[in-house]
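Pasting a predicted model and its sequence here:
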Amino acid sequence: MRHDSADSIHAELQARCAQAGDPRIVLTFAAELPGGTTAEQMQQWLSASGFTKVQAEREVEGRKQLDVVADRFRMSRAERARVVEAIETALLRGGGRMAVYALR
């Protein structure tokens, strides 16, 4: 197990994105919703929390889980402060975990 900081994650993302040809990346955090949550309730929760996009939705052990978008950008064009803030937000909201999607 390895404990990372926003700075170490930023450095790793820079290296991986440079190797991969600078893809557009999406930083997400997992949010669990109670059973029976409607699409409308989900939108209200996201809006009230300041988020508007979901990257993925799945069911884990009978519970609905969303990968909520903290931010999306190309590393080569994003300011370091923006990337670090997105990483910190994803880690805080995701209970210390986050996911990164690389898009083409």
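Noted; the coordinates are in hand. Residues are numbered from 1 along each chain as shown.

what ranges do the strands span in the chain?
Under the criterion DSSP state E, the chain contains strands at 24-33, 54-60, 63-74, 99-103.

of these, which approaches residue 43 most closely?
Evaluated over the strands of the chain, closeness to residue 43 peaks at strand 54-60, with 9.5 Å, by Cβ to Cβ. (C-beta placed from N, C-alpha, C; glycine too.)

circling back: make TSV out of the strands of the chain and add mean pLDDT.
Compiled in TSV, the strands of the chain are given as follows (pLDDT from 0 to 100):
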stretch	mean pLDDT
strand 24-33	92
strand 54-60	86
strand 63-74	91
strand 99-103	94
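
so can I have TSV of the ones you listed showing mean neighbour count and distance to residue 14?
As requested, these are arranged in TSV below (neighbours: other Cβ atoms under 10 Å; distance: least, Cβ to Cβ, whole Å):
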stretch	mean neighbour count	distance to residue 14
strand 24-33	20	11
strand 54-60	12	21
strand 63-74	18	11
strand 99-103	14	12
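
closest one to residue 93 among the ones you listed?
Residue 93 sits nearest to strand 24-33 of all the strands of the chain, at 4.4 Å, using Cβ to Cβ.

now could you export just the CA positions of the closest one as PDB?
Written as PDB, here are the backbone C-alpha positions of strand 24-33 (Å, rounded to 0.1, in the frame of the first residue of the first chain):
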ATOM      1  CA  ARG A  24      -7.800  14.500 -21.800                       C
ATOM      2  CA  ILE A  25      -8.200  13.200 -18.300                       C
ATOM      3  CA  VAL A  26     -11.100  13.100 -15.900                       C
ATOM      4  CA  LEU A  27     -10.600  13.100 -12.100                       C
ATOM      5  CA  THR A  28     -13.400  11.500 -10.200                       C
ATOM      6  CA  PHE A  29     -14.500  10.400  -6.800                       C
ATOM      7  CA  ALA A  30     -16.900   7.700  -5.800                       C
ATOM      8  CA  ALA A  31     -20.200   8.700  -4.200                       C
ATOM      9  CA  GLU A  32     -22.600   6.100  -2.900                       C
ATOM     10  CA  LEU A  33     -26.300   6.700  -3.100                       C
END
